[in-house]
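S.K.: structure for this input, please:
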Amino acid sequence: MGYGIISVDKSNLSLVEMGVLHLSKYKEHSERLHFIFERVSALVQIHRPEMVALEAPFFGKNVQSMLKLGRAQGVAMAAAMAHGSQVVEFAPRKIKQMVTGNGNASKEQVWKMLQHQLKFEENPDFLDATDAVAAALCHHFTTGKGNNANITKAAPKKKSNSWAAFVDANKERVK
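M.R.: Numbers count the residues shown, from 1 in each chain. Next up, the predicted model:
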């Protein structure tokens, strides 16, 4: 499970922290849920976010996986709300659309666009974390605050299968 924290100061966006909660060391699902609650609680207490943006559950074929994912998201929501943060959810497609201009973008494309927008060097090992940062950025863009809101809602100028072509065609969207 990834997490990401951004700071918004007028039109200046910056990455505060991002990381991944490694849950595989916990055998029991209840232990994993407890760890998620404790870690999200600690992050909210440290950073005091006004809003916590989550990726909404997507529908899959494995009911057990969906149930476990839903529980984990519920625990993260409860932890954030227990410490005074509001919670909002966004569909995965909406997050990708807002950040890259393509609702079907790959995790790597999201990571690359975030690298350009927020100027960080972390590598793709943090793809779950960059998904979380993308959710935060999606919330920022959706609220219409800051100069970037209208830029990110604009449709891409031309379709392309190449990441480099997309960046070249949308230079005004990359900082």
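S.K.: nearest residue to His47 other than its sequence neighbours?
M.R.: Ile5 (5.2 Å; Cβ to Cβ, 6 or more residues apart in numbering). Where you see a C-beta, it was placed from the backbone N, CA and C, and this is true even at glycine.
S.K.: that neighbour sits in which helix or strand?
M.R.: For Ile5, the host element (DSSP states H and E) is strand 2-9.
S.K.: if you count contacts, what does that strand end up packed against?
M.R.: Judged by 3 or more Cβ pairs under 8 Å, 6 or more residues apart in numbering; DSSP states H and E, strand 2-9 is in contact with strand 12-20, helix 29-47, helix 127-143.
S.K.: pull out the buried positions in the last one.
M.R.: For helix 127-143, burial by neighbour count (16 or more other Cβ atoms under 10 Å) applies to 127-142.
S.K.: contact partners for the most centrally placed residue in the chain?
M.R.: The residue lying closest to the centre of the chain (Cα atoms, centre = their mean) is Ala132, at 2.4 Å. Contacts here follow Cβ atoms under 8 Å, 6 or more residues apart in numbering; on that basis Ala132 touches Gly2, Tyr3, Gly4, Met18, Glu55.
S.K.: returning to what we had before: please save the CA atoms from the strand holding Ile5 in PDB.
M.R.: C-alpha atoms of strand 2-9 as PDB (Å, rounded to 0.1, in the frame of the first residue of the first chain):
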ATOM      1  CA  GLY A   2       1.400   3.300  -1.000                       C
ATOM      2  CA  TYR A   3       1.100   6.800   0.500                       C
ATOM      3  CA  GLY A   4       2.000  10.200  -0.600                       C
ATOM      4  CA  ILE A   5       1.800  13.700   0.900                       C
ATOM      5  CA  ILE A   6       1.900  16.900  -1.200                       C
ATOM      6  CA  SER A   7       2.100  20.500  -0.100                       C
ATOM      7  CA  VAL A   8       0.100  23.100  -1.900                       C
ATOM      8  CA  ASP A   9       1.200  26.700  -1.400                       C
END
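S.K.: pull up the pairing partners for that strand, direction included.
M.R.: For strand 2-9, the paired strands and their directions (DSSP bridges) are strand 12-20 (antiparallel).
S.K.: contacting residues around the partner strand?
M.R.: Here strand 12-20 makes contact (Cβ under 8 Å, 6+ apart) with 1-7, 43, 47, 117-120, 122, 126, 128-130, 132-133, 137, 140, 146, 148.
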